[in-house]
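> quick one, fold the following:
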Amino acid sequence: MATAPRVARSYAKALFELARERDQADAVARELDAVADLLGREPELRALFARPWISAAIKRPIAAEVATRLEVSTLTRDFIALMAAKGRVEHLGETVAAYRALMDEAAGRVRARVRTAAPLSDGERTALGERLGRALDGKRVMIEDVVDGTLLGGFVAEIGSLLVDGSLDGQLAQMRDRLARG
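Numbering: from 1, shown residues only. Sure thing, here's the model as predicted:
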């Protein structure tokens, strides 16, 4: 659905602004993760919120009760109840991701998904994060590394829509292209 990212970003932005005003941004992020995790583990609950024939008057108190049992803040409880009442719980995962992106942006951070042929050591992860950060105007890079057995060596970093290919595979492909062009 094309509107899902916009809906998620709108909800995340509204929540983020309220959470920042109340100095609860980090706590709300953790609470959203807890709610999303629960919904991921409980398909019946997720299905209940997805059913359009169940009214908002029923969904809202159920969502509030779930949030209360997770012992989240009033802000997060009310937000989850609002999403349930508006039939937007299916966008919760995207909303959590958009909320995290807003937090990162406010803190001058970016997240990079880095694929490597072998696991990165702590030192390698730190050095790579610093190097990528310098290339990104000094932003702090948070690295999520994934071992990709298809790579021969090096790394491939995905930062938003930016792709940094420092892999042996990428270097060989560049060399092949140069040789083909003469």
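
> could you count how many residues lie near residue 126?
Taking other CB atoms under 10 Å as the neighbour definition, residue 126 ends up with a count of 13. To be clear about C-beta, it is placed using only N, CA and C from the backbone, and glycine gets the same treatment.

> check what pLDDT it gets.
At residue 126, the model reports a pLDDT of 90.

> got it, and residue 79?
The confidence metric pLDDT takes the value 94 at residue 79.

> got a list of what it touches?
With CB atoms under 8 Å, 6 or more residues apart in numbering as the criterion, the residues that contact residue 79 are 11, 15, 28.

> sort out for me which of those residues are in helices.
Those of the contacts of residue 79 mapping onto helices are 11, 15, 28, per DSSP state H.

> who are the contact partners of residue 168?
Applying CB under 8 Å, 6+ apart, we find residue 168 in contact with 117, 151, 152, 153, 154.

> ok so the fourth one is a strand residue?
No - the assignment for residue 153 is coil, going by DSSP: H, G, I helix; E, B strand; the rest coil, so no strand is present there.

> so what's residue 68 closest to, chain neighbours aside?
Closest residue in space to residue 68, ignoring its immediate chain neighbours: residue 77 at 6.1 Å, by CB to CB, 6 or more residues apart in numbering.

> quick one on the thing from earlier: selecting buried members of the contacts of residue 168 in PyMOL, what would you type?
Typed into PyMOL, the next command selects the buried ones out of the contacts of residue 168 (criterion: 16 or more other CB atoms under 10 Å):
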select buried, resi 117+151
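
> where does this structure dip in pLDDT?
For the chain, applying pLDDT under 70 flags the ranges 1-4.

> just confirm the residue nearest to residue 68 is within a helix.
Yes - following the definition three-state DSSP, residue 77 is counted among the residues of a helix.

> quick one: the strands in the protein?
In the chain, the strands defined using DSSP state E lie at 109-116, 140-147, 155-159, 162-165.

> make a markdown table out of the ones you listed and add mean neighbour count.
Converted to a markdown table, these look like this (neighbours: other CB atoms under 10 Å):
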| stretch | mean neighbour count |
| --- | --- |
| strand 109-116 | 19 |
| strand 140-147 | 15 |
| strand 155-159 | 20 |
| strand 162-165 | 14 |
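
> tabulate those (CSV), appending distance to residue 90.
Rendered in CSV, the data for these read as follows (distance: least, CB to CB, whole Å):
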stretch, distance to residue 90
strand 109-116, 23
strand 140-147, 24
strand 155-159, 25
strand 162-165, 29
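
> and residue 125, which of these is closest to it?
Closest of those to residue 125 is strand 140-147, at 5.4 Å (criterion: CB to CB).

> helices or strands up against that closest one?
Helices and strands touching strand 140-147, as assessed by 3 or more CB pairs under 8 Å, 6 or more residues apart in numbering; DSSP states H and E, comprise strand 109-116, helix 122-135.
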